[in-house]
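Trainee: this one's structure only:
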């Protein structure tokens, strides 16, 4: 539990700084330029779903199938070398075809140079470095993980603030700051992993890893398309200013998404250890961690709602002043997403890739149909209605599949806080005045924080004593 808390709490540094910097970015980056940034994030999110053939999935899962330290080191060196090699090939490919790909991908004239090439470098560096972050996390090396995360997050935030606010670089400042920090981390990894035999592809572990990870690529492509196709369809029917407005909502929802990424990464080693070899002791531990996971996610949902309802108070551009009106529907649509993320981890460990691919193929088709039907008339609300419908359908399907696996660790008591938040967020659909929503957001957040502290007070006391 102590290691889990260390991994979780230090990882929240990034989203916390992101929340602080978001109003600064929105006030200093022009509205249409922020719309371009939103589309670039969507484009490279889809690219990132297959760019490294999901070798990170192999590192997260196959690592626990090796018992010897040398075997685990070899797994990392093989995958790290493979990612570097593939990253270089992608750069060559985009240098040749980047302009053409951007022309057919966007309605508006978004240039591959310089935005696209810089975003590509950032994406590739992050993907390569992420393998090392997973490696030390699987080792449960919370101290090293804390040092790396805190250094990179603070360094990136400082550089981006300096370049965007002082030098007015806009999107370029955002990209330069990220690339500089990721490049330093990459050099650090090379220097501190001298024992690893890079580019030595003679071992069978690489083939085994690719056979495992490639099976997830179709599922993850569909998953990322599901989460990003809305931006491309919105751009087709609405101006870049509307895309920018939706981009702000995405930045707010990233509060929950990034938090779930952190919680996923923190609980995954413990959850997978339980699923591989369940016993009485680890059943109790993973049940406690699962409740912590869902309770913390419930708090983050309330934080998202609170920030979103109140953020217009500190934003200067007039175009962002009605953001609050989308928050009730946005917050409710994300509640089933929390459970979907947890169930997805279980299905990945159980290697249900074929089933996941089938579910997401039909789900993406439904989403595309709904988006084309709703966006022309309802704009951003059309996307939120689609998200609520698709997440709810997904939850029902996942629950039916994993119920037999998770019934010993997931029960009504575990789900109590999340159910409470879901109910009280539903009431916000009836509140139309901004002032009332602001008051409600404060009261709801305080109540949920008190409930969660009461549920986990003993564990937090133990952590603080350490």
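Mentor: On my side now, so go ahead. Keep in mind the model is a prediction, meaning the values are calculated, not measured.
Trainee: use CA for all of it now, contacts and neighbours both
Mentor: Noted.
Trainee: which stretch of helix or strand covers residue 20?
Mentor: Residue 20 is part of helix 13-28 when elements are defined by DSSP states H and E.
Trainee: what about the helices in the stretch 201-350 of the chain?
Mentor: 204-214, 217-237, 240-276, 280-310, 327-349 (DSSP state H, counting those that start in this stretch).
Trainee: can you redo those as TSV with mean pLDDT?
Mentor: Listed next are those as TSV, based on pLDDT from 0 to 100:
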stretch	mean pLDDT
helix 204-214	84
helix 217-237	87
helix 240-276	84
helix 280-310	84
helix 327-349	88
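Trainee: what pLDDT is listed against residue 203?
Mentor: Note for residue 203: predicted pLDDT of 66.
Trainee: so what does residue 170 look like in phi/psi?
Mentor: Phi and psi for residue 170, reported as degrees, to the nearest 10, are phi 60, psi -130.
Trainee: who touches it in this structure?
Mentor: Counting by Cα atoms under 8 Å, 6 or more residues apart in numbering, residue 170 touches 28-30, 33, 163-164.
Trainee: can you rerun that using 6 Å?
Mentor: By Cα atoms under 6 Å, 6 or more residues apart in numbering, the contact set of residue 170 is 29, 164.
Trainee: next structured bit after the helix or strand encompassing residue 359?
Mentor: Using DSSP H and E, residue 359 sits within helix 353-378. Sequence-wise, the next helix or strand downstream of helix 353-378 (DSSP H and E) is helix 380-406.
Trainee: under the pLDDT cut-off, which ranges of the stretch 51-200 of the chain? List them.
Mentor: 195 (pLDDT under 70).
Trainee: give me the contact list for stretch 35-51.
Mentor: By Cα under 6 Å, 6+ apart, stretch 35-51 touches 217, 220-221, 224, 228, 240, 243-244, 247.
Trainee: just flag the most distant two among those residues.
Mentor: Spanning the widest gap among the contacts of stretch 35-51 are 217 and 240, at 30.7 Å by Cα to Cα.
Trainee: which parts of the stretch 51-200 of the chain are helices?
Mentor: Using DSSP H, counting those that start in this stretch, helices in the stretch 51-200 of the chain cover 55-62, 69-105, 117-138, 142-161, 171-192.
Trainee: tell me how far the longest one lies from the chain's centre.
Mentor: Spelled out, that is helix 69-105. Chain-centre distance of helix 69-105: 20 Å, with Cα atoms, centre = their mean, to the nearest Å.
Trainee: got the buried residues for it?
Mentor: Within helix 69-105, the residues scored as buried using 16 or more other Cα atoms under 10 Å are 72-84, 87, 90-91, 94, 98-99, 102.
Trainee: and that helix with helix 204-214, angle?
Mentor: Helix 69-105 and helix 204-214 are oriented at 40 degrees to each other (axes from the mean of the first three to the mean of the last three Cα atoms, to 10 degrees).
Trainee: so helix 69-105 versus helix 55-62, what angle?
Mentor: Angle, helix 69-105 to helix 55-62, by the same axes, to 10 degrees: 150 degrees.
Trainee: what helices and strands are in contact with helix 69-105?
Mentor: Helix 69-105 sits against no helix or strand, with contacts defined as 3 or more Cα pairs under 6 Å, 6 or more residues apart in numbering; DSSP states H and E.
Trainee: now it and helix 217-237, what's the angle there?
Mentor: Angle, helix 69-105 to helix 217-237, by the same axes, to 10 degrees: 30 degrees.
Trainee: what is the orientation angle of the helix holding residue 359 with helix 204-214?
Mentor: If you take the same axes, to 10 degrees, helix 353-378 sits at 40 degrees to helix 204-214.
Trainee: residue 101 and residue 92, how far apart?
Mentor: Remark: distance between residue 101 and residue 92 (Cα to Cα, to the nearest Å) = 14 Å.
Trainee: also residue 114?
Mentor: 15 Å.
Trainee: next one: residue 74
Mentor: Counting by Cα to Cα - residue 74 and residue 92 are separated by 28 Å.
Trainee: again with residue 338
Mentor: 38 Å.
Trainee: equivalent analysis for residue 160, please.
Mentor: Using Cα to Cα, residue 160 is found at 27 Å from residue 92.
Trainee: picking up where we left off before, which SSE is immediately downstream of the helix holding residue 20?
Mentor: Downstream of helix 13-28, the next assigned helix or strand under DSSP H and E is helix 31-48.
Trainee: now do the contacts for residue 174.
Mentor: Neighbours of residue 174 in contact, by Cα under 6 Å, 6+ apart: residue 160.
Trainee: at 10 Å what do you get?
Mentor: 25, 29, 37, 119, 156-157, 159-164 (Cα atoms under 10 Å, 6 or more residues apart in numbering).
Trainee: ok, back up a step: ok, and the most crowded of the contacts of stretch 35-51?
Mentor: residue 243 (29 neighbours; other Cα atoms under 10 Å).
Trainee: could you measure from the residue nearest to that one when sequence neighbours are not counted over to residue 113?
Mentor: Closest residue in space to residue 243, ignoring its immediate chain neighbours: residue 35 at 5.1 Å, by Cα to Cα, 6 or more residues apart in numbering. Shown here: residue 35 relative to residue 113, a distance of 17 Å by Cα to Cα.
Trainee: more neighbours, the two?
Mentor: Just comparing residue 35 and residue 113: by other Cα under 10 Å the higher neighbour count belongs to residue 35, 23 against 12.
Trainee: please tell me how far that one sits from residue 241.
Mentor: As judged by Cα to Cα, residue 35 and residue 241 stand 6 Å apart.
Trainee: what of residue 451?
Mentor: Look at residue 451 and residue 241: by Cα to Cα, they are 40 Å apart.
Trainee: swap in residue 88?
Mentor: Between residue 88 and residue 241 the computed distance is 35 Å (Cα to Cα).
Trainee: one more: residue 84?
Mentor: Plainly put, residue 84 is 37 Å away from residue 241 if you go by Cα to Cα.
Trainee: same question, residue 388
Mentor: Here the criterion is Cα to Cα. By it, residue 388 lies 24 Å from residue 241.
Trainee: can you verify my assumption that residue 456 contacts residue 288?
Mentor: Yes - with contact defined as Cα atoms under 10 Å, residue 456 and residue 288 form a contacting pair (9.0 Å).
Trainee: the more surrounded of those two?
Mentor: Set residue 456 next to residue 288 and count neighbours by other Cα under 10 Å: residue 288 wins out with 18 against 14.
Trainee: that one and residue 458 touch, don't they?
Mentor: No - the criterion here is Cα under 10 Å, and residue 288 misses it with residue 458 at 11.6 Å.
Trainee: picking up where we left off before, can you add distance to residue 381 and give the helices of the stretch 201-350 of the chain back as a markdown table?
Mentor: Listed next are the helices of the stretch 201-350 of the chain as a markdown table, based on distance: least, Cα to Cα, whole Å:
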| stretch | distance to residue 381 |
| --- | --- |
| helix 204-214 | 35 |
| helix 217-237 | 11 |
| helix 240-276 | 10 |
| helix 280-310 | 15 |
| helix 327-349 | 8 |
